[in-house]
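In: predicted coordinates and the sequence they were generated for:
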Amino acid sequence: MQVIRPDKLFLLAVFLAATVCGCHRKSAVSFPIEPALAQKVGQLMMVGFKGPEVTPEIRETLRELQPGGICLYKQNITSARQVAKLNDDLRACLGENNPPFLAVDQEGGVVVRIDDEVTAFPGAMALGATGSADLAAKAGAAQAKGLRLLGFNMNLAPVLDVPNNPAIATRSFGEQPQLISALGSAYITAQQNEMIATVAKHFPGEGHGNDDSHKRLPVRWERVDVLRKELTPFREVIERSDLDGLMTAHVAMPAFTNNRLPATISPQLLGGLLRHEFAFDGLILTDELEGMLAISSYGLGHAAVEAIKSGADMVFIAFSSDAQKEVQHALVQAIQSGEIPTARLDEAVRHITALKRKRRIFETPSPREQRLAELERHEDRLLAEEIARKSVTCLRLLPNTLPLSKNVRIGIVGDSENFAKAVKVAAPQAEFLLVDSQALKSKRDIQRSIDRLAQRSDVIVAGFIYLERLELLRNIKCPLIAVLMNVPDPGLFNRIPNARALLATYSYQPVSVQAAVAAIFDKAAMPGVLPVKQPLPSTAAIVTTEYQTAISR
């Protein structure tokens, strides 16, 4: 008897599953759907849900929708072992012959969903500061191995945008397209070689948009030649790395389209620029639709239909089962009416199924306990530490500032407990003042607390993720050492002209802040090169040859 391969059973198995669901469960839409159509529509959807386990309600919704992908957020994850079981449960829920993409945003740096029993890496801009494609490749491979052991088969990373958008910042490798292309290609190739489907983001780039698409639609008013420069990483990565997938950005580019439609629903940008000019034949996944006001204002169902018509293969609805069923309903109606042509539907399903075959998603994973036994990898920790050390960047250093004696009275001010813990390991007597959103509800009170701490300290060591909070340091009278854990902005030096030493780590992960502390107390090298333009005003003083060389490279 001929043995049928699992991927060949794909349509038949889901056809039968849909038939069973139709017999025993309330349909996700209000009119009959042919099982084969239900299966195809499900494949066009990437969904999420709330909570750390598959409840009966979630199981029923997933079986009704039959989604092609499921993305987990931090709210779904309590530990590495819990998420490994959750991924196995999700796969079992949809059946071995209908395996979903099991996706996560594990970028490193400021976007880390899992941080226990797997190594949390410093992130893209830290890699950019090292300038090393070799380290980027090693990070991509290590990240992929950890995800695969946890049952994931897709990572929504890396970011290929330039960093000037507040929603991008240190999630980008840097400002120069050539640097993004080189490091992005190395990272992606290594990650894909470990059989993790890779979806880079956010095409066509929202780095220089002034708005956050979570809140409003960014409109890029630049000329075509300026925009094409930022498109370089996407084009070159497609050419160099056989890229699996791209996530769309909810950003408008009137210079290309003569309108203000977001790229997610723009046939000129998806079908024209990406598919035809860039010859991209991989998966196109939209950014999340429900929680992004830049696109949700169009109506979820309408936006989903327009995205598929424009060239997207999968639409991402992360939060509400009602919203997911609304999208399913809209897609079915559009297909049945001919608004979405059959050829476009079949092309989308082809892209999805081809990637699942390419990354062996139809193959049954090895037993969970066997995978978990391989999880803790000492070499990954050493790699993360190496990246962190090589990324620390000196932006200012006055004479006789470092190394800092561990025996003086040290006050710590900052918005990162990771940073405070690292300083207190070096100087246990140091006193910490947390400047978080709760403390900032009364700026006058927190400013007074900082001033009092400075009065009883010989030196203040400050570490901030959010740059706007640096204003609180302007009136400190005692010596100040500041560590920035996010990308510097053009007005940085004017924010804290009183800092004697100014360092950048591009991340608040433990390995990054530990590297900064080593530079402060042990005078470890600071070889990182700032990967964004940062003009140095006359008030900045880099007085040693090694630091001046690093800044000018």
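Out: Alright, I've got the coordinates. Numbering: from 1, shown residues only.

In: quick one: end-to-end length of stretch 469-489, please.
Out: 13 Å (Cα to Cα, to the nearest Å).

In: let me redo that: stretch 95-102
Out: 13 Å.

In: same question, stretch 44-62
Out: Distance across stretch 44-62, first residue to last, is 13 Å (Cα to Cα).

In: now that stretch: buried residues?
Out: Residues of stretch 44-62 classed as buried by neighbour count (16 or more other Cβ atoms under 10 Å): 44-49, 54, 58, 60-62. To be clear about C-beta, it is placed using only N, CA and C from the backbone, and glycine gets the same treatment.

In: sec struct for residue 205, please.
Out: coil (DSSP: H, G, I helix; E, B strand; the rest coil).

In: scratch that, residue 403
Out: coil.

In: likewise the one 4 residues further on?
Out: With three-state DSSP as the basis, residue 407 sits in coil.

In: could you do residue 457 as well?
Out: coil.

In: what score does it have for pLDDT?
Out: Reading off the confidence values, residue 457 has pLDDT 98.

In: which residues touch it?
Out: By Cβ atoms under 8 Å, 6 or more residues apart in numbering, the contact list for residue 457 reads 409-411, 431, 478.

In: now do 10 Å
Out: The contact partners of residue 457, taken as Cβ atoms under 10 Å, 6 or more residues apart in numbering, are 408-413, 430-431, 476, 478-480.

In: and these, which is closest to residue 83?
Out: Ranked by distance to residue 83 (Cβ to Cβ), the contacts of residue 457 are led by residue 412 at 32.7 Å.

In: now the helix or strand containing residue 304: buried residues?
Out: Residue 304 is located in helix 300-310, with elements delineated by DSSP states H and E. Using 16+ other Cβ under 10 Å as the test for burial, helix 300-310 gives 300-301, 303-310.

In: what ranges does the stretch 251-400 of the chain have for its helices?
Out: 254-257, 293-296, 300-310, 321-337, 342-358, 368-372, 378-391 (DSSP state H, counting those that start in this stretch).

In: hang on, the earlier thing: could the buried residues of helix 300-310 go into JSON lines alongside distance to residue 178 and pLDDT?
Out: JSON lines is the format used below for those (distance: Cβ to Cβ, whole Å; pLDDT from 0 to 100):
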{"residue": "300", "distance to residue 178": "38", "pLDDT": "93"}
{"residue": "301", "distance to residue 178": "41", "pLDDT": "95"}
{"residue": "303", "distance to residue 178": "34", "pLDDT": "95"}
{"residue": "304", "distance to residue 178": "36", "pLDDT": "97"}
{"residue": "305", "distance to residue 178": "38", "pLDDT": "98"}
{"residue": "306", "distance to residue 178": "34", "pLDDT": "97"}
{"residue": "307", "distance to residue 178": "31", "pLDDT": "97"}
{"residue": "308", "distance to residue 178": "34", "pLDDT": "98"}
{"residue": "309", "distance to residue 178": "35", "pLDDT": "98"}
{"residue": "310", "distance to residue 178": "30", "pLDDT": "98"}
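
In: any idea how far stretch 377-384 is from the chain center?
Out: 21 Å (Cα atoms, centre = their mean, to the nearest Å).

In: mind listing what's buried in it?
Out: Buried residues in stretch 377-384 (16+ other Cβ under 10 Å): 377, 380, 383-384.

In: repeat that for stretch 447-455.
Out: 447, 449-450, 453-454.

In: got a list of contacts for it?
Out: With Cβ under 10 Å, 6+ apart as the criterion, stretch 447-455 contacts 409, 411-413, 431-435, 439, 442, 460, 462, 471-480.

In: redo that, cut-off 7 Å
Out: Stretch 447-455 has contacts (Cβ atoms under 7 Å, 6 or more residues apart in numbering) with 411, 413, 431, 433, 460, 472, 475-478.

In: pretty sure residue 206 is touching residue 162, no?
Out: No: the pair residue 206 / residue 162 is not scored as a contact, 9.1 Å apart, by Cβ atoms under 7 Å.

In: with neighbour numbers in mind, choose between these two.
Out: residue 206 (31 against 24; other Cβ atoms under 10 Å).

In: OK, contacts around that one?
Out: Residue 206 neighbours (Cβ under 7 Å, 6+ apart): 161, 165, 168, 213, 218, 249, 251.

In: then residue 260?
Out: Counting by Cβ under 7 Å, 6+ apart, the residues that residue 260 touches are 219, 252, 254.

In: closest to residue 123 among the buried residues of stretch 447-455?
Out: Here the nearest of the buried residues of stretch 447-455 to residue 123, counting by Cβ to Cβ, is residue 450; it sits at 28.1 Å.
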